[in-house]
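A.B. asks: test case, fold it:
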Amino acid sequence: MPSSLALSIPEPQQSRSAQTQQSLIEAGKAILREMPWESVSIAMIAKKAGRSVGVFYQRFGSKDDFLTVLISLWLAEGYARIEQASAQSSPLAVIEANLDALYDRISTNRYFWRAALQRAMDDPASWEPFRRLGAATRQRFGDDIGANRGRPLDAEERHRLDLAVQVANSIINNALLNDPGPLRIGQPEFLPTIKQIFLTVAALDLDCEERRSG
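C.D. replies: Numbers count the residues shown, from 1 in each chain. Sure thing, here's the model as predicted:
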């Protein structure tokens, strides 16, 4: 599925250059899993990748450009996930699997996600690619629920599903940016509570196929 991204990733022409670029990208991702973006330096990335600072600048130009590359990759991975076939056995399993994947991806990459959110606060236009990805993800989410349930979601059900996704994302994003409590990322009850709230807001008839077949 084409993402129509305005962001671009450098494409080295030589294999060695591609390996160097990839090593810097993987180093940056690894560091961002451990500390906030504002604490990350180009020297840290270069050292972890076993490259020089000069090589980093040759490949990416600046720390901000490097974040743009990481964002581009994140978005591309998101579209790839949409294309993966759903293997869930029930509508509830579809919802749980999607929320599990959302929480796992964001909590594992929480500092990257914070950096992306903070960039959007400074430059709202930078959030547009995420908005398009979110719309495509919600469309596939609803399609998978309908396929497992035995009938497509109607317009009202789609609307409630979209609201439930928005509420879940808002809670997660607020916890990452502001950590207001009492619900905090990392607490055992965080994800189960998100799931309960999601199901309440979505208010979907998840077992209609079972009743129709009975």
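
A.B. asks: in stretch 62-74, which residues are buried?
C.D. replies: Judged by neighbour count (16 or more other C-beta atoms under 10 Å), stretch 62-74 contains these buried residues: Lys63, Phe66, Leu67, Thr68, Val69, Leu70, Ile71, Ser72, Trp74. Heads up, the C-betas are built off the backbone N, CA and C, glycines and all.

A.B. asks: how is the chain divided into domains?
C.D. replies: Listed domain ranges for the chain are 11-61, 70-207 (source: automatic domain parsing).

A.B. asks: which stretches in this protein count as helices?
C.D. replies: 15-32, 42-49, 53-60, 63-83, 91-108, 110-122, 128-149, 155-177, 190-202, 208-213 (DSSP state H).

A.B. asks: what is the longest one packed up against?
C.D. replies: Secondary structure elements in contact with helix 155-177, counted by 3 or more C-beta pairs under 8 Å, 6 or more residues apart in numbering; DSSP states H and E, are helix 91-108, helix 110-122, helix 128-149, helix 190-202.

A.B. asks: off-centre distance for the second one?
C.D. replies: Same thing as helix 110-122. On the basis of C-alpha atoms, centre = their mean, to the nearest Å, helix 110-122 sits 12 Å off its chain's mean C-alpha point.

A.B. asks: next, the angle helix 15-32 makes with it.
C.D. replies: Taking axes from the mean of the first three to the mean of the last three C-alpha atoms, to 10 degrees, helix 110-122 and helix 15-32 form an angle of 90 degrees between their directions.

A.B. asks: just the first one next, same as before
C.D. replies: For helix 91-108 against helix 15-32, the angle between stretch directions is 100 degrees (the same axes, to 10 degrees).

A.B. asks: the third one too?
C.D. replies: Between helix 128-149 and helix 15-32, the angle formed by their directions is 80 degrees, by the same axes, to 10 degrees.

A.B. asks: avg pLDDT for helix 128-149?
C.D. replies: The pLDDT scores in helix 128-149 average 94.

A.B. asks: may I see the buried residues of that helix?
C.D. replies: Neighbour-count burial for helix 128-149, counted by 16+ other C-beta under 10 Å, picks out 129-130, 132-134, 137-138, 140-142, 144-146, 148-149.

A.B. asks: give the other helices and strands that that helix contacts.
C.D. replies: With contacts defined as 3+ C-beta pairs under 8 Å, 6+ apart, helix 128-149 has these neighbours: helix 63-83, helix 91-108, helix 155-177, helix 208-213.

A.B. asks: any chance of TSV for those helices, columns mean pLDDT and distance to Glu34?
C.D. replies: Listed next are those as TSV, based on pLDDT from 0 to 100; distance: least, C-beta to C-beta, whole Å:
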stretch	mean pLDDT	distance to Glu34
helix 63-83	94	15
helix 91-108	92	11
helix 155-177	94	15
helix 208-213	43	45
